[in-house]
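In: how would this look folded up:
(chains A and B)
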Amino acid sequence: NLVLTQPHSVSESPGKTVTVSCTGSNTITNYVQWYQQRPGSAPTILIYEDDQRASGVPDRFSGSTDSSSNSASLTISGLKPEDEADYYCQSYDGRYHWVFGGGTKVTVL
Amino acid sequence: EVQLVETGGALIQPGGSLRLSCAASGLIVNTQYMSWVRQAPGKGLEWVSLMYSGGSRYYADSVKGRFIMSRDNSKNTLYLEMNSLRVDDTAVYYCATVTTTWPEYFQHWGQGTLVTVSS
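Out: Numbering: from 1, shown residues only, chains lettered A, B, ... in the order given. A predicted model of the protein is given here:
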């Protein structure tokens, strides 16, 4: 069973760049998606198919994968106060099960 | 515009049953892939179940054999019947549409309904 591990929290100042990692317990063979969940709200899709921004998502958000480290990353550049939220990675584990990472709280200092 | 509205959340005793509803507008549920995702208080997201447009259904190991996902085409509504409820089923339950092309991901989400399992 695929388990996706994310750091519990990351923080950075406005205008800076922050990266959230998502590491698989074994090889991530399917695409990775990223969701943003602001406090008190439902999640929204940010990135799909590893690096494709969903409609309306600013280009400050970018996704990437690194097969050598079996991981995916979400990078937020030009950090803004409204980026303060929880971020989740998600993938498919190949046996009709869909998996989320544990989530990362991004704090804008 | 796609709208998903979940209802049916309640306080229920362990061992009890509950049925959640997800009323959809802006789409036709039996042409979509649909899913339930839950979030325990202060915790992360957990996929619960998925139904393809053709009717095939899949469940997380944690709910398999206890939860049943269904739909009513005439009401354009999705359901999650939850049986033998446990304390660790306490969560906000979201319904979501799933993209019908690969990769399958959760595209539109409702606002969720809270299920609390406690004696």
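In: Can you report phi and psi for the residue nearest the centre of chain B?
Out: The structure's chain B has its C-alpha centroid closest to B:Trp36; by Cα atoms, centre = their mean the separation is 2.9 Å. Per-residue torsions, B:Trp36: phi -120, psi 140 (degrees, to the nearest 10).
In: who in chain A is up against chain B?
Out: A:30-31, A:33, A:35, A:37, A:41-45, A:48-49, A:86, A:88, A:90, A:92, A:96-103 (Cβ under 8 Å from any Cβ of the partner chain). Every residue, glycine included, has its C-beta placed from N, CA and C.
In: Could you pull up the residues touching the residue nearest to the centre of chain B?
Out: The contact partners of B:Trp36, by Cβ atoms under 8 Å, 6 or more residues apart in numbering or on different chains, come to B:20, B:22, B:48-50, B:69, B:78, B:80, B:93-96.
In: which residues touch B:Glu46?
Out: A:100, B:37-40, B:60, B:62, B:91.
In: Can you give me the pLDDT of it?
Out: At B:Glu46, the model reports a pLDDT of 98.
In: quick one: what helix or strand has it in it?
Out: Assessed by DSSP states H and E, B:Glu46 sits inside strand B:45-51.
In: Name every strand pairing with that strand and say which way it goes.
Out: Paired neighbours of strand B:45-51 in the sheet (DSSP bridges): strand B:33-39 (antiparallel), strand B:57-59 (antiparallel).
In: What residues sit buried inside it?
Out: B:45-51 (16 or more other Cβ atoms under 10 Å in any protein chain shown).
In: hmm, back to that, output the strands paired with strand B:45-51 in CSV, with mean pLDDT and distance to A:Glu82 appended to each entry.
Out: Below are those laid out as CSV (pLDDT from 0 to 100; distance: least, Cβ to Cβ, whole Å):
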stretch, mean pLDDT, distance to A:Glu82
strand B:33-39, 98, 21
strand B:57-59, 97, 35
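In: Would you mind finding the most buried of those strands?
Out: strand B:33-39 (a mean of 24; mean count of other Cβ atoms under 10 Å in any protein chain shown).
In: picking that back up, excluding chain neighbours, what is closest to the residue nearest to the centre of chain B?
Out: Using Cβ to Cβ, 6 or more residues apart in numbering or on different chains and skipping residues adjacent in sequence, the residue nearest B:Trp36 is B:Val48, 4.2 Å away.
In: Hmm, the one you found is touching B:Ala40, no?
Out: No: counting by Cβ atoms under 8 Å, B:Val48 does not reach B:Ala40; the two are 11.5 Å apart.
In: Could you measure from the residue located most distally from the centre of chain A over to B:Tyr59?
Out: Distance to the chain centre peaks in chain A at A:Arg95, reaching 22.2 Å (criterion: Cα atoms, centre = their mean). Between A:Arg95 and B:Tyr59 the computed distance is 12 Å (Cβ to Cβ, to the nearest Å).
In: swap in A:Ser9?
Out: From A:Ser9 across to B:Tyr59, the span is 31 Å (Cβ to Cβ).
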